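> Coordinates for the following, if possible.
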Amino acid sequence: MTVTDLSYALNTFYLLVSAALVMWMAAGFAMLEAGLVRSKNTTEILVKNILLYAIACLCYLLIGYTLMYGSPDVTDFAPQANFFFQVVFVATAMSIVSGAVAERMKLTSFLLFAVVMTSFIYPIQGAWSWGGGFLANAGFIDFAGSGIVHLAGAAAALAGVLLLGPRKGKYGHSGNIYAIPGANMPLAALGTLILWLGWFGFNGGSQLSIVGQNNSSAVAQIFVNTNTAAAAGALAAFLLVRIIWRKSDLTMILNGALAGLVAITAEPSASSAITASLIGLGAGVLVVVAIIGLDRAHIDDPVGAISVHGVCGIYGLLMVSMTHPEATLLTQLYGIAVIFAWVFSLSLLIWWLLRVTMGIRISAEHEYSGADIADCGVEAYPEFVYGKTK
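Residues are numbered from 1 along each chain as shown. The predicted structure follows:
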């Protein structure tokens, strides 16, 4: 075996392992969302997460990958490894949408939107940056996808939420806001920890090579920065909600960790660990403020996805101008505006077409009884309702 063959094999293996970690994030999103919705909607949210992953894999294989990259000349690792690594990112973007529209969207409408999102909307804007298009030529930098993946998913989610409306009972006639607690905090915490683990593949794999001292050192720094930003985000969210409410709100702490991860994703290799911690601290504060602000604006997001992935995705992209010598604030703002405008406008159009043709919201009766019964016919916790005994 030559040195070239060994390098090719090691890079391929590293990319495949990283992709597998990112694929495992599908389990993290599923558990996080299952924990943060009510028990009567648990099975349906799990069905969404399984099927959106399956749809993403097939649609990106048949259409999306070619739209985004054409026929890339991959020489440092197996072309199939490159496809596998890219397809799990598409599924991640679509998973963001799932949580934001939870508990009141029709399953069929959601799945049809997933087809369009993973086949067309996501790949086109990805081609403008990672595919070597005009955003890349303009100098826009998004190392692992704070904008290309996370902001894109949040923009699509925001468009859907605006047309969908809030859950019944979330907001009162006088403007009051009523909390709708999730059913399973252990699942939500487990989902966050799974996502935290998967993020090492998400960011570390985006180096695309492990061979050589420079690449190995860069990957190690990415792992440290990713972990540090998440830790700082969780701590910042904890401290802020402790000051505001004198309570240790678990959901805010979980979202704080995720906010730190999203923010550092834009450029995890150019920061020192100290800088990464500061970015994470800022994200942890920002996500709490954003969740509260969206709630006051009556934008109902059961899991905080728009705040975590959208607001903190934008924040992370802006921080690149301070940590990367070749990035400028103007080019980062330009990339943010292009990605958001494209994904939001196209998503709004698709959601609207679905609403006027087949509807996107389940009936009030089905919302009351739960999407598990309405869409799936199977409850996640039947013994909680019916009190079954031996």
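> contacts for stretch 293-305?
32-33, 36-37, 96-97, 99-100, 102-103, 153-154, 157-158, 161-162, 165-167, 170-171, 175, 177, 180, 182, 251, 255, 287, 291, 306-307 (CB atoms under 8 Å, 6 or more residues apart in numbering). Yep, even glycine has a C-beta here, placed from its N, CA and C like the rest.
> so L261 sits right up against W199, yeah?
Yes: if you go by CB atoms under 8 Å, L261 and W199 touch, sitting 4.9 Å apart.
> list residues touching both of those two?
Common neighbours of L261 and W199 (CB under 8 Å, 6+ apart) are T226, A230.
> Report the buried residues of whichever strand or helix holds V287.
Following DSSP states H and E, one finds V287 within helix 273-296. For helix 273-296, the neighbour count (16 or more other CB atoms under 10 Å) marks 275-288, 290-292, 294-295 as buried.
> follow-up on the earlier one: quick one: which of L261 and W199 has more around it?
L261 (32 against 29; other CB atoms under 10 Å).
> Skip the chain neighbours and tell me the closest residue to S321.
L329 (4.3 Å; CB to CB, 6 or more residues apart in numbering).
> Burial check on that neighbour, number of neighbours?
With other CB under 10 Å as criterion, L329 counts 12.
> And it, what's its pLDDT?
For L329, the pLDDT comes out at 97.
> helix, strand or coil for A327?
coil (DSSP: H, G, I helix; E, B strand; the rest coil).
> Contacts only, for it.
For A327, counting by CB under 8 Å, 6+ apart, the contacting residues are G139, I141, E267, V320, S321.
> Check N82 too.
N82 neighbours (CB under 8 Å, 6+ apart): L15, P72, V74.
> The strand or helix carrying M94 - what's its average pLDDT?
Using DSSP H and E, M94 maps to helix 79-100. Regarding helix 79-100, the rounded mean pLDDT is 97.
> buried set for it?
For helix 79-100, by 16+ other CB under 10 Å, it's 81-100.
> next one: stretch 42-58
Buried residues in stretch 42-58 (16+ other CB under 10 Å): 42-49, 52-53, 55-57.
> how far is it from where the chain is centred?
14 Å (CA atoms, centre = their mean, to the nearest Å).
> what do you get for stretch 51-63?
Counting by CA atoms, centre = their mean, stretch 51-63 comes out at 16 Å from the chain centroid.
> before we move on, what about stretch 204-216?
Using CA atoms, centre = their mean, the offset of stretch 204-216 from its chain centre is 24 Å.
> Other residues contacting it?
Contacts of stretch 204-216 (CB under 8 Å, 6+ apart): 7, 10-11, 14-15, 17-19, 21-22, 76-77, 85, 143-145, 218-219, 222-223, 226, 269.
> for whatever helix or strand I243 lives in, which positions count as buried?
Element membership of I243, judged by DSSP H and E, is helix 213-245. By neighbour count on 16+ other CB under 10 Å, the buried set for helix 213-245 is 215, 218-219, 221-222, 225-241.
> ok and that helix relative to helix 273-296, angle-wise?
Angle, helix 213-245 to helix 273-296, by axes from the mean of the first three to the mean of the last three CA atoms, to 10 degrees: 40 degrees.
> For helix 213-245, give the mean pLDDT please.
97.
> Show me what the helix or strand following that helix is packed against.
On the C-terminal side of helix 213-245, the closest following helix or strand by DSSP H and E is helix 250-265. Helices and strands touching helix 250-265, by 3 or more CB pairs under 8 Å, 6 or more residues apart in numbering; DSSP states H and E, are helix 185-204, helix 213-245, helix 273-296, helix 312-323.
> Can you tell me the centre-most residue of this structure?
A centroid search over the chain (CA atoms, centre = their mean) returns I96, at 4.2 Å, as the residue closest to the centre.
> Please name the nearest non-neighbouring residue to it.
Of all residues apart from its sequence neighbours, G153 sits closest to I96 (CB to CB, 6+ apart), at 3.0 Å.
> element containing the one you found?
helix 152-164.
> P166 - how many residues pack around it?
18.
> check contacts around it.
H298, I299, D300.
> count of neighbours near the first one?
H298 has 12 neighbours, counted by other CB under 10 Å.
> A helix includes it, no?
No: the assignment for H298, made by three-state DSSP, is coil rather than a helix.
> if I look at the closest residue to G284 other than its chain neighbours, how far off is I121?
Distances taken as CB to CB, 6+ apart place A236 nearest to G284, at 2.8 Å, with adjacent residues excluded. Going from A236 to I121 by CB to CB, to the nearest Å gives 32 Å.
> quick one: low-confidence ranges for this protein?
384-390 (pLDDT under 70).
> One more pass at 80, please.
Along the chain, segments meeting pLDDT under 80 span 1, 3, 174-175, 383-390.
> And stretch 150-158, how far out from the chain middle?
The answer for stretch 150-158 is 8 Å, by CA atoms, centre = their mean.
> Dump that stretch to CSV, restricted to CA.
Only the C-alpha atoms of stretch 150-158 are listed here, as CSV (Å, rounded to 0.1, in the frame of the first residue of the first chain):
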residue,chain,number,x,y,z
HIS,A,150,-29.2,25.7,10.6
LEU,A,151,-30.4,29.1,9.4
ALA,A,152,-31.9,27.4,6.4
GLY,A,153,-33.8,25.0,8.6
ALA,A,154,-35.0,27.8,10.9
ALA,A,155,-36.1,30.0,7.9
ALA,A,156,-38.2,27.1,6.5
ALA,A,157,-39.6,26.5,10.0
LEU,A,158,-40.5,30.2,10.5
